[in-house]
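J.: Test case, fold it:
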Amino acid sequence: MAMVDEICYGNQAGLARIARRRQVGLDPESSAFMQVLASKLIWARKELEKLAADHNLMLDGTLDSINDASFDHFGGPFFEGDDPIEIDPEIVSRLGEAGLDEI
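T.: Residues are numbered from 1 along each chain as shown. As a prediction, the model looks like this:
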């Protein structure tokens, strides 16, 4: 029975993550990239270009999607700038408060 509970709980957790992704409007890859971006507040563009390539993402398109989702969900940009790219600490905090820091 414990194994069934673990499987069911795992599925519920997975469904909850999918629901949160949809709530923010990001695909799983962009969500994961957003989590990485939230890990520090200032990024050099070269760092993000490498990171995006490592995740098989197009950097500018992914950043646009993340900022669009941030505007839709939080009313403001997740980041500003081009080089360096500065992450908004208030939005990062609001991600955690909304339970979206593990999307």
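J.: List the single closest residue to L41 in space, sequence neighbours excluded.
T.: I87 (4.8 Å; Cβ to Cβ, 6 or more residues apart in numbering). Just so you know, the C-beta spots here come from the backbone N, C-alpha and C atoms, and that holds for glycine as well.
J.: pLDDT below threshold where in this structure?
T.: 1-24, 97-103 (pLDDT under 70).
J.: quick one, helices of it?
T.: For the chain, applying DSSP state H gives helices covering 2-24, 28-37, 45-54, 59-74, 89-97.
J.: Number of residues surrounding F33?
T.: 23 (other Cβ atoms under 10 Å).
J.: My guess is it contacts L59. True?
T.: No - using Cβ atoms under 8 Å, F33 makes no contact with L59, being 9.1 Å away.
J.: Against F71, how distant is A38?
T.: 16 Å (Cβ to Cβ, to the nearest Å).
J.: Pull up the overlap in contacts between F33 and L59.
T.: Taking Cβ atoms under 8 Å, 6 or more residues apart in numbering as the contact rule, F33 and L59 both touch A52.
J.: Contacts for stretch 64-84 next, please.
T.: Here stretch 64-84 has contacts from 23-27, 30, 33-34, 37, 42-45, 63, 85-88, 90-91, 94, 98, 100, using Cβ under 8 Å, 6+ apart.
J.: Thanks a lot, see you next time.
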